[in-house]
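Peer 1: Quick one, fold the following:
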Amino acid sequence: MRGGQRVGTGSEAGATANLDLYRYLTADERDDYVTIMSLFTASLLADMSAATVADQLVSAGTALTADVVESRCKQLVRWGNLVPSLRDARVNTVAEYLKARSRYQVSSLGGRVHRGALEIMSATDGAREVARELLGRIAEALREIPALLDSVGGTERDERLAGIVTTVFNNQRLFTASVTDFYAYLSGVLSRFDLGGDEYTRFKTLLLDYVDLINADVNRHAPLIARALEQVLPRLDQLLATLDALPGLSLGGQVSIERSEGRSRTDWTQLHQWYSGAESGPGQLRHAAGQALGQLIANAKRILDSSRTGYSRRADLLRLASWLDRSSDEEAGRLFAAAFGAWPARHLGLGPEEPDPRMTPTTSWTVADPIEVPVSLRERGNRVARGRTSRVPDSAADRRLVEAAAREEAQRHREAAAELIACGDLNGSRLSPAARAVLLDQLARLLAVQSEPEEATSLTDHDLGLVLEAVPGGRTHIESHDGTLTVEDLTLSVRSIDADSARARRTAR
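Peer 2: You can find the predicted model right below:
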């Protein structure tokens, strides 16, 4: 195991049974269990009965009867957190005997679990400072070991060696734990999607300054520690023999003993691999720093790139939270629905593009087919279009089609104009629908420019080569196979522009 050596026998069943030690932290009565365990671990070798525990809880402000405390203690015994006390109760009366008949003590593993639980519960979700100053002490301590091994043996020298070894491994454990917690916190902060503004600036300074300071200390001391370990490892057998010769705990081969770190070859091998192995600790720290820097750059790109999700909405969300806190339940519901669009869900029919025509506006989204969301938008909130830019289509063919259609339409208009010119006086004439459409268009333009309704008016269209003349009075009746057109109070006639030009030349002569 890491952090020590297990000597003796063990089983997987025993390791699984140790999981019961944590059950009191998740039980429904966990507040009672935590309070009771805190009393037993508050002092060394606390030995108390259920009645004594109940009296102390009442003094601390927690009202639990002795029967309830007795039940809780028995349950903790079944889980392994407490053990029954074997001390004989010296009492003078039967009442005192009944009060002291059941006494309990905290078990060794139960006490360790509870101390760790209290440490976690009292910890804040913040950054932990890295104990980088321990690296220099580790290097200095390792350099003393060869000199002590060369000196004359004695109890004082052996005790000093044991102290140095314990200090080295304790410092190493504290350093690795603190640096692991720090990078875990930093990674959790930098992965936040709402990081921006002053908070981003603060963590940018943290990364560029403090992380660089950690890496500088590791790069400076790691080679020194690796070289010192290379001087110790060849004499490891002598060192371990010296440590084993010191008085220690020995309970026979049937009892497991957890020894301090540094008393086995495995501990020293792992320590050497941490500083000089293929996946050394300094290399892992440099990789973690690179990942943090990459995440910082990604956040900077997100903040500066307005084509993506834009700036942080943290301030807006905090403002909304303050409004919700001050609102009544009814107002908060309306405010939340308005802010997040949380209205009753309805499926909107989108016409022929709907993949399933059975989906109507009354179909619930719970039974309708899901809408495909791009992976970049679903996982990273990135709205930038992915893939290659499509080629610009060649519009030559479309342009030729449009030009051909325009030529055909112009030809139809010219044929209709020729039909109108051939009729001359339009009253009583019979026209095709195309010619009638051209006549109506010309008549609309003429009426739009007519200034005196009592005077004759003409309109010239040079594109079609015709002149439309309207004389007040009478009517114009035009037949067509799909209907009849009657124009009241106007007599309409059409002539060609060439005829007007010839008439103008004769008049001029």
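
Peer 1: residue ranges with poor pLDDT in the stretch 401-509 of the chain?
Peer 2: 499-509 (pLDDT under 70).

Peer 1: what about stretch 62-70, start to end distance?
Peer 2: Taking CA to CA, to the nearest Å, the first and last residues of stretch 62-70 lie 15 Å apart.

Peer 1: in it, what counts as buried?
Peer 2: Residues of stretch 62-70 classed as buried: Leu64, Ala66, Val69, Glu70 (neighbour count, 16 or more other CB atoms under 10 Å). Just so you know, the C-beta spots here come from the backbone N, C-alpha and C atoms, and that holds for glycine as well.

Peer 1: got it, and stretch 68-81?
Peer 2: For stretch 68-81, the buried set under the neighbour-count rule, 16+ other CB under 10 Å, comprises Val69, Glu70, Arg72, Cys73, Gln75, Leu76, Val77, Trp79, Gly80, Asn81.

Peer 1: Please apply the same query to stretch 170-182.
Peer 2: Residues of stretch 170-182 classed as buried: Asn170, Asn171, Gln172, Phe175, Ser178, Val179, Thr180, Phe182 (neighbour count, 16+ other CB under 10 Å).

Peer 1: Check stretch 442-462 too.
Peer 2: Gln442, Leu443, Leu446, Gln450, Thr457, Leu459, Asp461.

Peer 1: Using TSV, lay out the residues you listed together with secondary structure and distance to Thr201.
Peer 2: As requested, the buried residues of stretch 442-462 are arranged in TSV below (DSSP: H, G, I helix; E, B strand; the rest coil; distance: CB to CB, whole Å):
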residue	secondary structure	distance to Thr201
Gln442	helix	72
Leu443	helix	73
Leu446	helix	73
Gln450	coil	74
Thr457	strand	77
Leu459	strand	73
Asp461	strand	72
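
Peer 1: Of all pairs in these, which one is the farthest apart?
Peer 2: The largest separation in the buried residues of stretch 442-462, counting by CB to CB, is between Gln450 and Asp461 at 15.4 Å.

Peer 1: contacting residues around Ala63?
Peer 2: With CB atoms under 8 Å, 6 or more residues apart in numbering as the criterion, the residues that contact Ala63 are Leu57.

Peer 1: ditto for Trp274
Peer 2: Applying CB under 8 Å, 6+ apart, the residues contacting Trp274 are Gln172, Thr176, Ser280, Gly281.

Peer 1: Quick one: low-confidence residue ranges for the stretch 201-350 of the chain.
Peer 2: Per-residue confidence of the stretch 201-350 of the chain (counting by pLDDT under 70) places the weak regions at 203, 206-207, 248-256, 277-278, 299-313, 344-350.

Peer 1: can you rerun that using 50?
Peer 2: Where the stretch 201-350 of the chain drops to pLDDT under 50, the residues are 306-310.

Peer 1: ranges for the helices of it?
Peer 2: Counting by DSSP state H, counting those that start in this stretch, the stretch 201-350 of the chain has these helices, from start to end: 212-232, 236-245, 265-276, 281-304, 314-326, 329-340.

Peer 1: tell me the angle the third one makes with helix 212-232.
Peer 2: Inter-element angle recorded for helix 265-276 and helix 212-232: 130 degrees (by axes from the mean of the first three to the mean of the last three CA atoms, to 10 degrees).

Peer 1: so which of the buried residues of stretch 62-70 comes closest to Arg430?
Peer 2: Distance from Arg430 was checked for each of the buried residues of stretch 62-70 by CB to CB. The minimum falls on Leu64, at 110.9 Å.
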